[in-house]
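Asker: Just to be clear, the model below is a prediction. Sequence and coordinates:
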Amino acid sequence: MQLIRNSRRDIPRITRLLDINSNEPYPSCDLSNLAAHEFVLDGIKCASMEGLLQSFKEKNPETQKKICALAGSKAKFRGKNIEWWKDQILYWKGKTIGRKSQEYQDLLDIAYEALAENEGFKRALLATDNAILGHSIGSRKASRTILTVGEFIRRLMKIRERLQKEAKTP
């Protein structure tokens with residue numbers, strides 16, 4: 001990070017802002033939840049984070065597995081019409097999970113850590129260097145989305161910080 005010299009203090013200069021979006025150039029597009037990055041969560045093979053997130057709306061574990069196998073717009077639109085927000089209940093492997101619960105936040109943490117094992121995802125995240133990450137098309141209301149902008153960006157930043165430390169350690 002560059003510093004701007006000021007008579008009172010050094011001010012960090014923001015080198016760039018990256019909007020995470022499937023329609024943006026690399027690495028932004030590869031950090032989108034729609035991107036096809038395979039990972040395994042609790043023994044279930046996921047083709048993308050979007051597939052996993054949309055599967056949380058589905059109560060049936062077998063149907064969840066099928067949704068997890070999707071990426072891109074197929075994943076996004078598979079869960080689009082499920083009205084989970086009416087009762088704020090999500091599901092994972094037959095278990096009911098409240099949308100605003102700590103249990104759900106823990107599941108998201110574990111899911112993003114599993115995604116971070118994917119080499120393509122790691123490369124894309126490290127390629128952001130120290131850019132400020134954003135997600136202009138995301139929602140900030142937890143009651144209307146399965147992943148808020150804050151939940152998404154915080155996890156990316158946390159994983160990026162860990163990966164950068166690991167890359168510096170011999």
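Answerer: Yep, it's here.

Asker: any idea how far the longest helix belonging to the chain is from the chain center?
Answerer: Using DSSP state H to define each element, the chain has its longest helix at helix 149-168. The chain centre lies 11 Å from the centre of helix 149-168; the measure is Cα atoms, centre = their mean, to the nearest Å.

Asker: residues touching the residue nearest the centre of the chain, list them.
Answerer: When Cα atoms, centre = their mean is applied to the chain, the residue found nearest the centroid is Phe152 (4.7 Å). When contacts are counted by Cβ atoms under 8 Å, 6 or more residues apart in numbering, Phe152 touches Ile20, Asn33, His135, Gly138. From N, CA and C alone the C-beta is placed, and that goes for glycine too.

Asker: could I have the longest helix of the chain exported to PDB, CA atoms only?
Answerer: C-alpha atoms of helix 149-168 as PDB (Å, rounded to 0.1, in the frame of the first residue of the first chain):
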ATOM      1  CA  VAL A 149     -22.800  -7.900   1.000                       C
ATOM      2  CA  GLY A 150     -21.100  -7.600   4.400                       C
ATOM      3  CA  GLU A 151     -21.200 -11.400   5.000                       C
ATOM      4  CA  PHE A 152     -19.700 -12.000   1.600                       C
ATOM      5  CA  ILE A 153     -16.900  -9.400   1.700                       C
ATOM      6  CA  ARG A 154     -15.900 -10.000   5.300                       C
ATOM      7  CA  ARG A 155     -15.300 -13.700   4.500                       C
ATOM      8  CA  LEU A 156     -13.300 -12.900   1.400                       C
ATOM      9  CA  MET A 157     -11.200 -10.400   3.300                       C
ATOM     10  CA  LYS A 158     -10.500 -12.800   6.100                       C
ATOM     11  CA  ILE A 159      -9.500 -15.600   3.800                       C
ATOM     12  CA  ARG A 160      -7.300 -13.300   1.700                       C
ATOM     13  CA  GLU A 161      -5.500 -12.100   4.800                       C
ATOM     14  CA  ARG A 162      -4.800 -15.700   5.900                       C
ATOM     15  CA  LEU A 163      -3.700 -16.700   2.400                       C
ATOM     16  CA  GLN A 164      -1.400 -13.700   2.100                       C
ATOM     17  CA  LYS A 165       0.200 -14.600   5.500                       C
ATOM     18  CA  GLU A 166       0.600 -18.200   4.400                       C
ATOM     19  CA  ALA A 167       2.300 -17.100   1.200                       C
ATOM     20  CA  LYS A 168       4.800 -15.000   3.100                       C
END
